[in-house]
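> sequence and predicted structure, then a few things I'm wondering about:
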Amino acid sequence: MTFIPVLKPRVADANIMLPHIRMIDDACCYTNHGPQERMLRTQFAAALGDRAVQEISLYSSGTAALIGAMQAWNLPAGTKCLVPAWTFIGSACAVAQAGLEPVIVDVDPESWAIDPDVIEEMATDQNIKACLIVSPFGATVPYPELSDIQERTGMQILVDGAASFDFVHKLAETRLDLPVPLMVSLHATKLVSSIEGGMVVTSNADMTRRMISWSNFGIFDDDPVTQIGTNAKLSEIHAAYGQHSLTSWPEIRQTLLTIADGYVEQITARLPDIAFAPNIREGMVSSSFNIILPKPFPQLGHQLAANGIGTRRWWKDGVHRFPAFKSYAAGPLPVTEDLAARTIGLPFYVGMTSDTVETVVAALETALADQSVSAG
């Protein structure tokens, strides 16, 4: 039995990258915003509509990018920041590492993101000055509403779009300004990857300057150091991998879209009670394929694994269920509890064929049928 993993990250072949690495060797520049990093920023700017390069900044990881953006707000330590319960634990970790206090709130059952009305309501609390809204698995977020709330209330808002390059690309096609910054992860598991890395896109050039300074020990050109920074720069080798990945993105996107469409077609026909994550319903491509079961099935992952199918509960039971964050919940979280109990990620990666999808769906169908028999 050949095991089908839930994910199979792929980056450029070593032979493809060797000329780039030799170029880096010839330049004797391996980090510190070198030519490869600058080239990657230029390429991202072109991909997102030829925005000014200084409005796109790169970091050593997506988490570092989030922390840098929140540090650039220059809020007092301990300022309360909204964060969804239904997200990857790294989102909440970034809030805490930025010196802010997470306020964990529930999400909308349809969008899987914090409802703008909730943000608006919480903005009236004088102790809550910030919000980290998550693009769930690359789904859209109501950007115009977020921008409006930020402008009217003064609340600082940041979009954690770790898996949302597809959404950010589409957003940049329709907007001339991006006052609410968006972070995109460049991790090896993502659609566009530098193996490790993160990108922040915003039309706020002053904020970008503060973020870049923060990532370089507080240094920016010859300016005096006015903030405590760290080292969160993207290396030249990582930037070179990112360039190749960005070039390959249209082809990879189409490949994954075809796989996703195959899943939707087969699951809809054979298991009509199963629903799909928001990004799938919207046609947004990311690096995972999540389904929502009609009812909880705690042993499904183990049962599928026994039949050679890998799965992942990407966001586990929600941020509030981790001991490190259990004291930060703002109240009941029924939507997150429900989604955590019924959501599971299926295999999804470049290299899957229609036969692979058929094998996964058939195993899923059998497992759910067995559960129904057992329950009966």
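The structure has been received and is ready for your questions.

> can you pull out the low-pLDDT segments for the stretch 1-150 of the chain?
50-54 (pLDDT under 70).

> helix, strand or coil for Val335?
helix (DSSP: H, G, I helix; E, B strand; the rest coil).

> check contacts around it.
When contacts are counted by C-beta atoms under 8 Å, 6 or more residues apart in numbering, Val335 touches 86, 106-109. C-beta here means a position set from N, CA and C on the backbone, and glycine is covered the same way.

> which of those has the most neighbours?
Neighbour counts for those, by other C-beta atoms under 10 Å, peak at Trp86, which reaches 29 neighbours.

> ok, that residue - contacts?
106-107, 112, 134, 136, 315, 318-319, 335-336, 339-340.

> can you tell me the SS state at it?
Trp86 ends up coil, using three-state DSSP.

> show me what the longest strand along the chain is packed against.
Criterion DSSP state E: the longest strand present in the chain is strand 128-134. Judged by 3 or more C-beta pairs under 8 Å, 6 or more residues apart in numbering; DSSP states H and E, the packing partners of strand 128-134 are helix 62-72, strand 80-84, helix 89-97, helix 116-122, strand 156-160.

> pull out the CA atoms of the longest one and give them to me as CSV.
Translated: helix 62-72. What follows is helix 62-72, C-alpha atoms only, in CSV (Å, rounded to 0.1, in the frame of the first residue of the first chain):
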residue,chain,number,x,y,z
GLY,A,62,5.8,34.8,8.3
THR,A,63,5.8,35.0,12.1
ALA,A,64,8.6,37.5,12.1
ALA,A,65,6.7,39.5,9.5
LEU,A,66,3.6,39.6,11.8
ILE,A,67,5.6,40.6,14.8
GLY,A,68,7.4,43.3,12.8
ALA,A,69,4.1,44.8,11.6
MET,A,70,2.7,44.9,15.1
GLN,A,71,5.9,46.4,16.5
ALA,A,72,5.6,49.1,13.8
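
> roughly how far apart are the nearest residue to Val6 once chain neighbours are set aside and Leu346?
Among residues not flanking Val6 along the chain, Gly310 sits closest, at 3.9 Å (C-beta to C-beta, 6 or more residues apart in numbering). Distance of Gly310 to Leu346, computed by C-beta to C-beta, to the nearest Å: 9 Å.

> more neighbours: those two, which one.
Leu346 (22 against 17).

> residues contacting that one?
Taking C-beta under 8 Å, 6+ apart, one finds 6, 263, 289-291, 309, 311, 360, 364 in contact with Leu346.

> kindly indicate which of the contacts of Val335 lies nearest Ala92.
For these, the residue nearest Ala92 by C-beta to C-beta is Trp86; the value is 11.1 Å.

> check the offset of the longest strand of the chain from the chain's centre.
Relative to its chain's centre, strand 128-134 lies at 16 Å (C-alpha atoms, centre = their mean, to the nearest Å).

> each with direction, which strands does that strand pair with?
strand 80-84 (parallel), strand 156-160 (parallel) (DSSP bridges).

> can you add mean neighbour count and distance to Thr42 and give the ones you listed back as TSV?
TSV is the format used below for the strands paired with strand 128-134 (neighbours: other C-beta atoms under 10 Å; distance: least, C-beta to C-beta, whole Å):
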stretch	mean neighbour count	distance to Thr42
strand 80-84	26	32
strand 156-160	27	23
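
> please identify which of those strands is closest to Tyr143.
strand 156-160 (7.5 Å).

> which outside residues touch that closest one?
Taking C-beta under 8 Å, 6+ apart as the rule, strand 156-160 contacts 66, 69-70, 73, 75, 87, 91, 94, 119, 129-135, 141, 143, 146, 149-150, 180-183.

> which of those residues count as buried?
In the contacts of strand 156-160, burial by neighbour count holds for 66, 69-70, 73, 75, 87, 91, 94, 119, 129-135, 141, 143, 146, 149-150, 180-183, counting by 16 or more other C-beta atoms under 10 Å.

> so the residue most central in space within the chain, which of the three states?
Nearest to the geometric centre of the chain sits Ala162, at 1.7 Å (C-alpha atoms, centre = their mean). Classification of Ala162 by three-state DSSP places it in coil.
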